[in-house]
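Novice: my questions concern the predicted model and sequence given below.
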Amino acid sequence: MRFHVNIDHIATLRNARGTPYPDPVEGARLCERAGAAGITAHLREDRRHIRDDDVERLRQSVTTLLNLEMAATDEMLEIAARVRPDVITLVPERREERTTEGGLDVLRARRQIEKIAGMCSQRGIKLSLFIEADAEQIRESHALGATQIELHTGVYCLADAGARGPELEKIVSGAAYAQGLGLEVAAGHGLTRDNVTAIACIAAIRELNIGHAVISDAVFMGIEPAVQAFHATIRAARAEIGARRGP
Ligand code: PXP
């Protein structure tokens, strides 16, 4: 299981006061030192947290893997083609939303995704699509040439006790379906140390992208202990799967 830390909210804190600190690039370096397998950053259209020069500096500094989340627009296509992250994750984006509120509608965005998929294959960039655990969206992601899908866990994370089981079941079956098509499966959004275990126990999911809760924990614990604590929780969940399968 790859654990990628999304460092957007280090930039949120920096931008709140217009200071040069805290620097998300330095934060990324510390996350990598603490064991993160990759760094994720979302360059939003309104640049509310990560900015263009952060992405350029992250590209210079990140030694693990840089996953750039972005909307499927021509502006972002041009930036990504220049910066060459290791992975591009296409996400839906609405200016008025507080955070990414739903999965990408792959069927509606097909033409833009095809354009970006073409650029990715020319430049050797892995393409991941952030979608709901819906069979049609998964099939279309595969048909469009994505290597990976990232399943949106936000609804599961916010669900009350009664709805949580069915939401988890959707993610379990979506992950298995995608894996059966040959897609790599990641998951993310809204994950905390309290709710990550059930998601990390899904064998078909091989990557988690976690941001807000890691940076929130870091406020009290320090960033390296926060990354290590998340990592320990995820590793314990994976060990549980191994133990269930037996030797
Ligand atoms: N994955 C994707 C595709 C996202 O857009 C986000 C939010 O930027 C995350 C993961 C991380 O979500 P959170 O900050 O809630 O952990």
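Specialist: In hand now; what should we look at? Numbering: from 1, shown residues only.
Novice: for the ligand, see how far away the closest residue to P22 other than its chain neighbours is.
Specialist: The shortest distance from P22 to any non-neighbouring residue, by Cβ to Cβ, 6 or more residues apart in numbering, is to I10 (5.2 Å). Any C-beta I mention is one placed from the backbone N, CA and C, and that applies to glycine too. I10 is 12 Å from the ligand, where distance means Cβ to the nearest ligand atom, to the nearest Å.
Novice: same check on I116?
Specialist: 15 Å.
Novice: what does the protein have sitting close to the ligand?
Specialist: By Cβ under 6 Å from any ligand atom, the residues of the chain that approach the ligand are 6, 8, 42, 69, 89, 91, 99-100, 130, 150, 188-191, 209-213.
Novice: hmm, 5 Å instead?
Specialist: The chain has residues N6, H42, V91, T100, F130, G188, H189, G190, N209, I210, G211, H212 near the ligand, with proximity defined as Cβ under 5 Å from any ligand atom.
Novice: redo those as CSV? Include secondary structure and distance to A239.
Specialist: Converted to CSV, those look like this (DSSP: H, G, I helix; E, B strand; the rest coil; distance: Cβ to Cβ, whole Å):
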residue, secondary structure, distance to A239
N6, strand, 24
H42, strand, 31
V91, coil, 31
T100, coil, 30
F130, strand, 28
G188, strand, 21
H189, coil, 24
G190, coil, 24
N209, strand, 21
I210, strand, 19
G211, coil, 24
H212, helix, 26
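Novice: mind giving me the PyMOL command for buried ones among the residues you listed?
Specialist: Buried residues among the residues of the chain next to the ligand (16 or more other Cβ atoms under 10 Å), as a PyMOL selection:
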select buried, resi 6+42+91+100+130+188+189+190+209+210+211+212
